[in-house]
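J.: sequence and predicted model, in that order:
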Amino acid sequence: SSLVAADGKILATTLDGRTYVFKAGRQFEVLASNQVGEPVWASLAIVNGTVFVRGGDHLFAFKAR
């Protein structure tokens, strides 16, 4: 999937379904990661602060607090 940037963060998803959130900037910093438990081939979509992840069998939605 493609990298996605929003709100000073960069999101990257691996084929095995783990999404990493990095702080955008010169210094490398992982802010969070999440595993959906199934393959992900699609790019993430962000709508009104909700991150949508299309897995092999499910559509997941994650909302930041």
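T.: That came in fine, so what should we check first?

J.: is the residue of the chain most remote from its centre in a helix, a strand, or coil?
T.: Of all residues in the chain, R26 has its C-alpha farthest from the mean position, at 19.9 Å, by C-alpha atoms, centre = their mean. Per DSSP: H, G, I helix; E, B strand; the rest coil, the local secondary structure of R26 is coil.

J.: report the contact partners of A12.
T.: S1, L3, V4, T19, Y20, F22 (C-beta atoms under 8 Å, 6 or more residues apart in numbering). To be clear about C-beta, it is placed using only N, CA and C from the backbone, and glycine gets the same treatment.

J.: now, of those residues, which are buried?
T.: S1, V4, T19, F22 (16 or more other C-beta atoms under 10 Å).

J.: the last one is in what secondary structure piece?
T.: With elements delineated by DSSP states H and E, F22 resides in strand 18-23, which encompasses its position.

J.: just the CA trace of that strand, in PDB.
T.: Provided in PDB are the C-alpha atoms of strand 18-23 (Å, rounded to 0.1, in the frame of the first residue of the first chain):
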ATOM      1  CA  ARG A  18       0.500  -4.100  10.500                       C
ATOM      2  CA  THR A  19       0.100  -0.300  10.300                       C
ATOM      3  CA  TYR A  20       2.900   1.900  11.700                       C
ATOM      4  CA  VAL A  21       2.400   5.600  12.600                       C
ATOM      5  CA  PHE A  22       5.600   7.700  12.300                       C
ATOM      6  CA  LYS A  23       6.100  11.200  13.400                       C
END
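
J.: where does pLDDT dip in this protein?
T.: Along the chain, segments meeting pLDDT under 70 span 65.

J.: surely F52 touches A42?
T.: No. Contact between F52 and A42 fails when scored by C-beta atoms under 8 Å: they sit 9.1 Å apart.

J.: re earlier: pick the one among the buried ones among the contacts of A12 closest to A61.
T.: Nearest to A61 among the buried ones among the contacts of A12: T19, at 12.3 Å, using C-beta to C-beta.
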